[in-house]
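# Build the 3D model from these lines:
(chains A, B, C and D)
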Amino acid sequence: MYIEFKGITKQFQQRQVLNDINFGVKEGSITALLGPSGSGKTTILRILAGLETATKGSVSVAGQVVDELAPQARGIGFGFQNYALFRYLTVYENIAFGLKTQHWPATKIKQRVTELLALTELTALAQHYPQQLSGGQKQRVAFARAIAPHPKVLLLDEPFAALDTQIRRELRSWLKQLIHRVGITSIFVTHDHEEAIETADEIVVINQGAIEQIGAPTTIYNQPTSLFVAQFIGHSSQLLSPNLQGFKLPVRQSFKAYIRPEQVQVFRQNEQPPTTGTLERAFVVNTTFSGAVVSVALKWHGQALMANRSPLQAPLHHGEAVLIFIQQALIFTDGKSELQRNLQPAAAYAL
Amino acid sequence: MQQTSKRLIPGYYFSLVITLLGVSLIVLLPFAALVISGWQVGAQQFWQEATNSRVLASYLVSIKGALVAAIINTGFGLLLAWVLTQYEFPGKWLLDSLLDLPFALPTAVAGIALAYLFSDQGWLGRLVVPLGWKISYTFNGIVIAMIFVTLPFVVREIQPVLEQLDFSVQEAAYTLGGGTSTILRRLVLPEILPALVSGFGLVFARCLGEYGSIVFIAGNQPYHTEITPLLIMFKLEAHDYSGATVLALVMLLFSFTFSFIIHSWQRWLLQRKG
Amino acid sequence: MYWQKSKWWWRLGIGLLLLGAYIGLYQLRLAQAAPTSGSGATVTLTNVSYDSTREFYQAYNQNFQKYWQRKSGEKVAVAISNGGSGKQANTVIEGNQADVVTLALAPDITSIQQAGLLKANWQQRYPDNAAPYTSTVVFLVRKGNPQQIRDWPDLLKPAVNIVTPNPKTSGGARWNYLAAWAYASKKYHSTEKARQFVRKLYQNVTVLDSGSRDATTTFAENGQGNVLLTWENEAKLVCQQHPGEYEIITPSISIKAEPSVAVVDSVVAQRNTATVAQAYIQHLYSVKAQKIAAQNFYRPTNQKVAQAYRKEFPALQLVTINDPLFGGWAKVQKQHFANGGIFDQIYGGG
Amino acid sequence: MQLLQTKPIKWLLLVLAWLFIGIVLVLPVGLVLVQAFASGWHTYLTTISSLVTLQAINLTVTATLISIVFNLVFGVSAAWLIAFYDFPGKRLLNALIDLPFSVSPVIAGLIFILTFGRGGWLAPLFSAIHVQIVFAPPAIFLTTVFVTFPFVAREVIPVLEAKGREEEQTAALLGASFSQILWQITFPAIKAPVAGGLVLATARALGEFGAVAVVSGNIQGKTLTLSLLVQNLYNDFKFNEAFAVATILLGSTILVVLLKQRLLKN
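Below is the predicted model of the structure:
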């Protein structure tokens, strides 16, 4: 592992901010620290950067323990949430700043800054001041400035929080591509699971100062190992001991089932269900059209269940009795989770 | 988590040393000298010095003058701030600039000019003599000097608040049938009250300590027109250092208590406003 | 940022020009102030004096500069400080580096002596109790004397508003107080009656300024009160400044005010200025200096000069501080001006 | 509300405002000018170019320059300390910086007499090295520094706190030194409040009277500032001369006010 956290614990005024954090980050990968605000995820980032000290534990980068190193000496590029661009320096000077402080020769500085300006498509804005830039442009300047001195690690604190939804989407994929192209090991902090899933190679879910789960985005999304992760990541309906047909349910034991809306198929009475399995009866409570999908609120055996349906299909009416087919559910028993697929033959399903 | 962060930005010890050195040499050391020499006076003598009849009279003159000046300046400060923020008129820039003069004008200059202006033969003093009024060398003179030196305080406190006042609320209230006085009382006053209070406090505190301008225009007559700072000066000139120290400590104590009360009141008002 | 570049240069140019003009003027004035010829460094003397001597010492300093240069070849510049006598004494005690002190009354110099800055025999070192010029206390009234004030008892009339400095803070004002006391004692031969007389007098005081100069300003410039109780020289100065506006009333009995002078031994020893400082004081007794004093309304102690100026200074009965009635400063200070003394008793109650 | 916007009310309030300002502000200032020239140009020019006046200008300007330099260095470093670091006693430090604002000038003078005067704490130290503090120029400098103490710090601290520390932290992470951060990152952001604070400090230093009056020995040419000279001339019955010297102070005051207005606009 390129970066390794070993037993990081942090106490502040009797409060346990972090409790025995252990994980590693592969070289050249993008890792997301995902968790609600106050979970301690930013503190992990700041401890790695040297902005704060851990009460216990140790961090190493590229096999070297950095605990005693000054923040400046750790070879880390850090991007603050609000970018913290130097507002009285131009874009060019911002990017060149870290190179000048390290006494690079002038020609080298020029070469590197020009290269980064081209990489981040900021060449035309080189002589602009930060307040003349849009949010996305600022983010790109901050990125260029952080990686300019060839740091070993790039740390970003909520890199997209200050952006509009549209720009956020574009920037995520752009950043992901760029980081992979540059090949720099990166960690970023976010509270938005979509952001983490779309951008990261690996996600570390943190809650109340402890790690809940580590894994690839698909694993985290599909196979949460804790109730917290199941609830925190993505939308899902939570049902109490439902009688699910086609699943191996615990016997004489209460359990919880988490069902994502895209795993629930809804059919009108007159529609031909493309399956031979047993269909459940449910009632439509409400429908909301949100562009790509129609999200359907259902009542099934007295419990609330959400489903998605294609807007191309015939609209549903309130109170209408419909048939549903549940493809996949996450069953929690005694703190253990198990992802189950419906054992009945499923239909080719396109939404 | 800001509290536990390491001192990443360089210059901590540098700025710490300069700041502590400055504060210690210029503020702490002299004040320690004041407190210690006050301590050496002894409780009994302290009480006597602090409460003899002439001293008590000077407290009264100072507080009365400061109170009157603060009330007048709060009223006119409100008027000036209103005029400056709500109306457009020629010479507005001049009026706004003139208001800064007392901040910067040396108190001695203000003092002699006012004493001259309001004396019985002065441009203005002459006008009020037939009415049987005297301004210079009476209590009125003290108030005039206090008004002059603290003129900008209230205006500068209220001005920004009035500028940001949301008049759509008032217009809504007006369309709903609230009269002008109701709107002023129920909607405008609560908004500007915290600023008004802090302005009043600033004026009052500054008036209590003012010396330079008042000494020229007050008659400096014990029991009638002698303010506490002047009495401190007298005691200093008479080489009565312990007496001067006692008065200084009493004044300091009073102004700290006063500013504490004003601060708490203002905080309470702001909290209530939300 | 705040100014355009080209404007910057203009401003800088104008600023430098002004600065240059200022420095030039300053050098010019310095050169003018220095005594004309001769070589060698300039000795500076600091004379800490009281309020009413500004005009006198300005004239005397010029005379002394010439005299000293003629006599010793040395250039001397005298810096003067004026203020209430007691306050001035305090600044010297607190470390104001005065080579000579020329104050309004002996006790102020005695307090400097008690602080260890000069020798105890200072009053014997120069003639006339180290008082080279004297004065007395008179009344200054507005033209035509509307209140018909002729002598001390007229000051007790209810309609009279007196302006006079506070004897507690102003040394000069102690003479004023003592003059009233002297009159009442000589007239009624009773301490109790004198006390009542003076009490009534101070009840008529409307403005009690801290210094004698403040009192004069209050009366003459700001038009307060009907009568200013002040020194003769101060009253004459006002008449000179405002010809035809005021009249001086000389009472039948008054006090002989003796402003004292001394060399501050410890300062001159440290600054190495003893010779010139002593000459500065000694020269005050010269005929020339005595004439300057007379021209500045102080009564000369030199008999010949006094004779020449006798028209200027009306004769009256003058009581001295060493009169049995007072018994010297030490006694007077304790009896009248100490905290809780007679003055506090008669004025303290308001 | 409409009532307050009607013409008659508006004019009434305007007239009231101007009348008040006219009586308490314009007339006194006008009087200074009129009286300064009452005995003619010649007296005016002789007065303001006399050696005593020039020496007073010298002393006043020196005291002001010392205060400005002190204020700049102290104000910026105090703001740096308070805005960029967390440490125990921060609130106390803040209160101590503000203290000189709430103190009467006379008390400001008194405390320096108590500290450096003959009976004072530090008297033995300074008399041993033959340095005169009170009733000499050093005391004038000290009191001027004292009364102008908080100006720059007060203006800069809120601006720096509002700005946040991230820029400086980023610069530090990029390996920047103290002076690089100060000059390239922080100083450009606090130029305006620093200038504003300095303007206020200048005004106060030029005109301080009460505190200086306590510690000055009133020695012409040595410890007489412009304000004290005005008072001395006034006490000397030289009223027109006093007002003439006052015009120098008035002129600098107007300059300061204009400068402040200009800074606010930018």
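# In this structure residue B:206 contacts residue B:154, no?
No: under the criterion of CB atoms under 8 Å, residue B:206 is not in contact with residue B:154, lying 11.1 Å apart. C-betas here are computed from N, CA, C, even on glycine.
# So which of the two has more stuff around it?
Using other CB atoms under 10 Å in any protein chain shown as the criterion, residue B:206 and residue B:154 rank with residue B:154 on top: 27 against 20.
# which stretches of the stretch 1-150 of chain B aren't confidently modelled?
B:1-6 (pLDDT under 70).
# so is the residue in the stretch 101-250 of chain C positioned nearest to chain D in a helix, a strand, or just coil?
Here the stretch 101-250 of chain C gets closest to chain D at one residue, residue C:213, 4.5 Å apart by CB to the nearest CB. At residue C:213 the chain is in helix, as set by DSSP: H, G, I helix; E, B strand; the rest coil.
# just the one 10 residues further on next, same as before
Residue C:223 carries the three-state label coil when classified by three-state DSSP.
# Same question for residue A:84.
coil.
# which residues touch the nearest residue to it once chain neighbours are set aside?
In this structure, residue A:84 finds its nearest non-sequential neighbour in residue D:166, 3.5 Å apart by CB to CB, 6 or more residues apart in numbering or on different chains. Residues in contact with residue D:166 (CB atoms under 8 Å, 6 or more residues apart in numbering or on different chains) are A:80, A:82, A:84.
# Surely the second one and residue A:158 touch.
No: Residue A:82 is beyond contact range of residue A:158, at 9.1 Å (criterion: CB under 8 Å).
# quick one, which of those two is more surrounded?
residue A:158 (20 against 15).
# List the contacts of the nearest residue to the more buried one once chain neighbours are set aside.
Computed as CB to CB, 6+ apart, the closest residue to residue A:158 that is not its neighbour in sequence is residue A:81, at 4.3 Å. By CB under 8 Å, 6+ apart, the residues touching residue A:81 are A:157-159, A:161-162.
# Confirm residue A:81 sits in a strand?
No: counting by three-state DSSP, residue A:81 falls outside a strand, being coil.
# What are the boundaries of the strands in the stretch 1-150 of chain C?
Under the criterion DSSP state E, counting those that start in this stretch, strands of the stretch 1-150 of chain C are mapped to C:42-49, C:75-81, C:100-103, C:133-142.
# Show me what the third one is packed against.
This points to strand C:100-103. Contacts defined by 3 or more CB pairs under 8 Å, 6 or more residues apart in numbering or on different chains; DSSP states H and E place strand C:100-103 against strand C:42-49, helix C:85-93, helix C:106-114, strand C:260-263, helix C:274-282.
# Next one: the residue in the stretch 51-200 of chain C that chain B sits nearest to from residue B:211, what distance?
For the stretch 51-200 of chain C and chain B, the shortest gap (CB to the nearest CB) falls at residue C:87, measuring 3.7 Å. Distance of residue C:87 to residue B:211, given as CB to CB, to the nearest Å: 15 Å.
# higher neighbour count, these two?
The neighbour count for residue C:87 versus residue B:211, taken as other CB under 10 Å, is higher for residue B:211 (27 against 24).
# Run through chain A and note the low-pLDDT ranges.
A:274-276, A:345-351.
# Okay, helices next: where are they in the stretch 101-250 of chain D?
D:105-116, D:123-128, D:137-147, D:151-163, D:166-173, D:178-180, D:187-207, D:210-215, D:226-235, D:239-265 (DSSP state H, counting those that start in this stretch).
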